[in-house]
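> Show me how the following folds:
(chains A and B)
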Amino acid sequence: MNEEFKARVGHELAKLQPRSRLARSVESALGRYAPALAMRRERQRVELARFRAQGAYPNSGRGNASPFEHNPYRQDREQRQLMWNSIEQIDNSGLAESITSKVELYTVGSLRYQARTGDAGVNKIYEDLMREKTGVNLDIAGESTLRKMCGIALRGRVGKGGAVFDLLRSDPDDPDVHLRGIEYDRIGSPWDFRVTPNYIGGFHLGPGGRKTAVDVYSRDRMGGYYTFEETIPIFDEFGRRQVMHLFRPTQFDPHKGVTAFKTAIDNIHYLAQIRLLELQTMQWAATQTAIYYTQTGEMPERPFQTEFRQDGMGGQTRIVHARGPELSSMSVDEKVEMFDSQRPSPNVLAMFLNTVNEVCIAVGLPMTFVYGMNGNGPGIRFEGAQADRAIGAEFATLDEQVLTPVGHAILQNAIRNGEAPFHPLWKNGRWIGPAKLSIDAGYDSAAALNENKEGVISRSSILMDRSVDEDEEAAQVEAEANDWIDRAKRIAKQQDCTWQEILPMLRQSSGASSGVAPTLPSPVTAPKDPNAGATSDGVDVDPDHTQKELKALRASVDTAVAEIRTARLVKDASGHDHDDKGRFPSKGGGSGGKKDAPAKKAEPDKKPAANETRTPPPKLSEKAQRAKDAHVMVDKDIQRYAEEHNEPRTAKALGGVSFPNGEPIDIAVAGKDGKVAHGVELKTVVKNANGKITMKGDAIARKAAWEKKNKAQIHTVVLDDSAVKDAHGPGQHDESKRKIYYANGYGSFRIGSMHPVEGGMDGLKKLMNTPYKKLPAAAQKRK
Amino acid sequence: MSTYAQFDEVGEQYQVASNTGWSEFGDWCESLDAEQFPNVVQLFEHGVTEDLRGLASELLVALEENSPDEKTMGVVNNLLEALKTNEGAGAILITSGITPDDPTGS
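All right, here's what the predicted structure looks like:
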């Protein structure tokens, strides 16, 4: 019977035999004289070993570790044992299968090659070629693409400890490179535990322990027997790599990999046991309705109903049912309690989850990644980072051991065949896997954009993390920009607008409107879901939501277009000309509004008087009035006065030039070397001479940048013309009453705190050329 | 006299032009149709407008229909940039960067 049992459970269980000679003698004697007892003991031993799943125990028991425990022979045997157990777990445990699948999905869910020769034309040829050559034709079986083959290899890496690829180079009959994937259990004979200095586990070793060849066995499809197939050299006769061995070395003299489930197998088995036993308990509890307490131990007729059913074996089974709702009476020593099952108890659930966590720890992946994305705050970010690193390490291993050698072989072959041009940097390309793992795409995206804006990371790095090729993305962005502009032009033609007005409405992005239409309708923002995302607002992928956004987008475009048209209709009602297309001519003469034609001018050749305005004084809201009262305004009257009487004259007096446009200074004065040495911020005050110069962030930053760029100093000069302007009536000014205040520096300070200049413009010029420390204290405003 | 765009009473302040730059902007405004571009003209003539959206739209249309020279274009761009980042403000004022008497004397 013992032999039958061995035959039934397979060769491997033979190792479960007691290891000492005495124990084997006892078992043998029991088998002869008490076979039932021997069988029971055998079963118990098998169950015991199976419960431990033989994980790290190739024998039924193990004493203390010794130096001999970790010899290569033992390790090779254990690794093989682990591989078989792991294969069984992946086949039977959803958790193990899930972990394996996740590693595959997240590591090579997508795969692309990026050539980096520096020559865009060559890059495109290389990338197109790689896309073509890594299709299913690469697989010698014609089944899988390189990406899929890598996925299968990764499953083998996780489940069996590794995988092997055999690279079949081109020959006269077949110009292409092919790849043959070999499952790890086919490397070496499963029954050959021979270990020599030159051979272990199917690998032939050369000097220094380098692998020189690998023995591949074929697996009988019917019986599962392994028979020797061939020995493949690691390098071919020309020294080119022929065999690629994917595994994760964990020591300096590794020959084969070991399953990632090495220390998880026991716990996976425990989980199955816990679940099975707990479910059985729950099933039993679910069949119970109530407990009837009685001294006789017999069930009374009431309040139950008894029936007998015949089971499948012909026996009678008594089933007691509770009857429908009714009033019941019992004697004082009887009672009925509803059956109260609390299974599974919180402790069991906690233990279950704890065991799952142990499995996750054993395979090096965080539980949130493997078993559920629960959690919040820094904890889940840390776990997300851990998962990202683990997957990144898988990809790096795959890249080093398989992708790069395969890529080089394909390109080398293509260059030799004349399918691709040679480039000195032909080996400089890289493989790009799936996008970087993120627990919160929205958060990470915002962070990446900020870092890019601050110059911390490059656009290329961000795109790489997203598994996007930089050149392809740039081409796509360009194509989309063209498409947006075409669409905007089409709408503009229909709606009698300019395409620049329409474009920001279509894009619905504040960035899109930069420099084009900054104040067109605000982007349509979806209401925020407080629960979206793990730690902040996540990405909304609700299709209904998208539809709502689209509707809102269309509505906002329609509204904005209507506003523009209404504004023009209002003018139409006022009697303004318009052409036959309804387009208003913005230029005098009704020329149709061509860009190069001048707009309608009040008096093109004659500048209107400073106090002459074409718009009435605005009626301001209370809020705007408050703002106006809080600042010294520059209206046309003051601007024209300053322009006519102050700035050009001051510039001339100082030997400088007036700066046009948006420069942060008004006047620039050159030093002795002819380079800019001084910048003047000139202020003309016609009222509120006791006011305060207020300068905030943007203005200060621009002035600071100007000083740094030009290595020059900015001076603040106030021309107090409060007693000058209109001193003798409207337009009658008295410049002898001008006061000048000076400060070296810029910023916020009271005019009264500045140094009053004596000697007019000459005095001012002298002060500007005085070293800062020798200036009067009131003129030192530099912080 | 550098010119600043001030948003509301205590809002952001942007330097939009030098004195000459604002003068040239004024020249460009004088060439615009006050009926078609009321907010742009009002901003130069009275130094204030509350219709920020209208102002931005008018500036854009005016840029297309009556392109100013490069210097004035820079001033308009500064204005548009300031408007873009202050869409929610109630009013834009053109100031010299001076506030009236400060009662605290600071």
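> can you list the weak-confidence ranges in chain B?
Counting by pLDDT under 70, chain B contains low-confidence ranges at B:1, B:101-106.
> can you map out the helices along it?
Along chain B, the stretches classed as helices by DSSP state H are B:19-30, B:38-46, B:52-65, B:70-84.
> Would you reformat those helices as a markdown table and include mean neighbour count?
C-betas here are computed from N, CA, C, even on glycine. Rendered in a markdown table, the data for the helices of chain B read as follows (neighbours: other Cβ atoms under 10 Å in any protein chain shown):
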| stretch | mean neighbour count |
| --- | --- |
| helix B:19-30 | 24 |
| helix B:38-46 | 24 |
| helix B:52-65 | 21 |
| helix B:70-84 | 20 |
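> Ok, which of those comes nearest A:R77?
Using Cβ to Cβ as the criterion, the shortest distance between A:R77 and the helices of chain B is 71.8 Å, found for helix B:70-84.
> which helices and strands does the closest one pack with?
strand B:3-7, strand B:13-17, helix B:19-30, helix B:52-65 (3 or more Cβ pairs under 8 Å, 6 or more residues apart in numbering or on different chains; DSSP states H and E).
> Could you double-check that A:F261 lies in contact with A:L82?
Yes: with contact defined as Cβ atoms under 8 Å, A:F261 reaches A:L82; the gap is 7.5 Å.
> So these two - more neighbours on which side?
Taking A:F261 and A:L82 together and counting by other Cβ atoms under 10 Å in any protein chain shown, A:F261 has the greater number of neighbours (30 against 23).
> got the phi/psi numbers for that one?
For A:F261, the backbone dihedrals are phi -90, psi 10 (criterion: degrees, to the nearest 10).
> Just list the residues touching A:Q713, thanks.
A:A677, A:H678, A:G679, A:E707, A:N744, A:Y772 (Cβ atoms under 8 Å, 6 or more residues apart in numbering or on different chains).
> Could you tell me which residues make contact with the closest residue to chain B within the stretch 101-250 of chain A?
Evaluated by Cβ to the nearest Cβ, the stretch 101-250 of chain A has A:A120 as its residue closest to chain B, separated by 32.9 Å. Contact criterion Cβ under 8 Å, 6+ apart gives A:D471 as the residues in contact with A:A120.
> Next up, phi/psi of it, please.
As for A:A120, its main-chain torsions (degrees, to the nearest 10) stand at phi -60, psi -40.
> That one and A:E681, how far apart?
Distance check for A:A120 against A:E681: by Cβ to Cβ, to the nearest Å, it reads 48 Å.
> now do B:Q13
Counting by Cβ to Cβ, the gap from B:Q13 to A:E681 is 14 Å.
> Tell me which of the two has more neighbours.
A direct count of neighbours by other Cβ under 10 Å for B:Q13 and A:E681 places A:E681 higher, at 26 against 22.
> Next, that one: secondary structure please.
Using DSSP: H, G, I helix; E, B strand; the rest coil, the secondary structure recorded for A:E681 is strand.
> Okay, and the spatially closest residue to it that is not a sequence neighbour sits in which element?
What sits nearest to A:E681 in space, not counting adjacent residues and going by Cβ to Cβ, 6 or more residues apart in numbering or on different chains, is A:T716, at 4.8 Å. In the assignment (DSSP states H and E), A:T716 maps to strand A:713-720.
> now swap in A:V122 and tell me
Per DSSP H and E, A:V122 falls inside helix A:120-133.
> Mind listing what's buried along that helix?
Within helix A:120-133, the residues scored as buried using 16 or more other Cβ atoms under 10 Å in any protein chain shown are A:V122, A:N123, A:I125, A:Y126, A:E127, A:L129, A:M130, A:K133.
> Skipping its backbone neighbours, what lies nearest the fifth one in space?
With sequence-adjacent residues excluded and distances taken as Cβ to Cβ, 6+ apart, A:E127 is closest to A:A115, at 5.2 Å.
> The second one too?
Residue nearest to A:N123 in three dimensions, not counting chain neighbours: A:A115, with 4.0 Å by Cβ to Cβ, 6+ apart.
> Over to the fourth one?
With Cβ to Cβ, 6+ apart as the criterion, A:Y126 has its nearest non-adjacent residue at 3.7 Å, and that residue is A:A115.
> any idea whether A:Y217 is helix, strand or coil?
Secondary structure, three-state DSSP: A:Y217 is strand.
> ok, how many other residues are close to the closest residue in space to it that isn't next to it in sequence?
With sequence-adjacent residues excluded and distances taken as Cβ to Cβ, 6+ apart, A:Y217 is closest to A:Y226, at 4.3 Å. Close neighbours of A:Y226, defined as other Cβ under 10 Å, add up to 17.
> The residue nearest to A:F247 when sequence neighbours are not counted sits in which helix or strand?
Beyond its immediate neighbours in the sequence, the residue positioned closest to A:F247 (Cβ to Cβ, 6+ apart) is A:G257, lying 2.9 Å away. Element membership for A:G257 (DSSP H and E) is empty, with no helix or strand holding it.
> and A:G257, how far is that from A:G181?
Note on A:G257: its distance to A:G181, by Cβ to Cβ, is 15 Å.
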